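Enquirer: Prediction below, plus the sequence it came from.
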Amino acid sequence: MIIHQAEEDDVLPLSVSLKDSSGVSLTPISISKGQHVVVPPRALSTSSTLWGPDALEFKPERWMDDEKSLTEAARAIQGYHHLFTFGDGPRICIGRA
């Protein structure tokens, strides 16, 4: 898991609504300053919504040939080759390459 702490209040837009623990549907999520946000790289890396129905298959060709085979959702992910496995930003994993 990658855990971040919000430096300021913010709102995270969502492409798909989620339900909170009380069943309320959320489209954006409000984050308060100081709140921790957990990013699950394994869940993102195996999401069929992002990578297609064969998301659980190891297919390095996804990221070759100018990444033409990636879904639009996968191309929207920032970071090294649209993967969040290595994190992103100033603390990106030195093993990414």
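Expert: Yep, that arrived.

Enquirer: The protein: strands as residue ranges?
Expert: 2-5, 10-12, 18-19, 25-26, 29-31, 36-39 (DSSP state E).

Enquirer: who wins for proximity to Ala76 among those?
Expert: strand 10-12 (13.8 Å; C-beta to C-beta). Backbone N, C-alpha and C define where each C-beta goes, glycine included.

Enquirer: so how far is that closest one from its chain's centroid?
Expert: Chain-centre distance of strand 10-12: 15 Å, with C-alpha atoms, centre = their mean, to the nearest Å.

Enquirer: Touching it from outside, list them.
Expert: The set of residues external to strand 10-12 that reach it, using C-beta atoms under 8 Å, 6 or more residues apart in numbering, is 28-31.

Enquirer: Who wins on neighbours among the residues you listed?
Expert: For those, neighbours were counted using other C-beta atoms under 10 Å, and Ile31 has the most, 17 neighbours in all.

Enquirer: correct me, but that one touches Val37?
Expert: Yes: Ile31 is in contact with Val37 according to C-beta atoms under 8 Å; the separation is 6.3 Å.

Enquirer: which residues are in contact with both of these two?
Expert: Counting by C-beta under 8 Å, 6+ apart, the residues touching both Ile31 and Val37 are Ala6.

Enquirer: Enumerate every residue touching the residue most central in space within the chain.
Expert: The residue lying closest to the centre of the chain (C-alpha atoms, centre = their mean) is Leu44, at 5.1 Å. Going by C-beta under 8 Å, 6+ apart, Leu44 touches 50, 77, 84.

Enquirer: In helices, which of those appear?
Expert: Applying DSSP state H to these, the entries found in helices are Leu50.

Enquirer: nearest to Arg62, of the contacts of Leu44?
Expert: Leu50 (10.6 Å).

Enquirer: Appreciated, that's everything.
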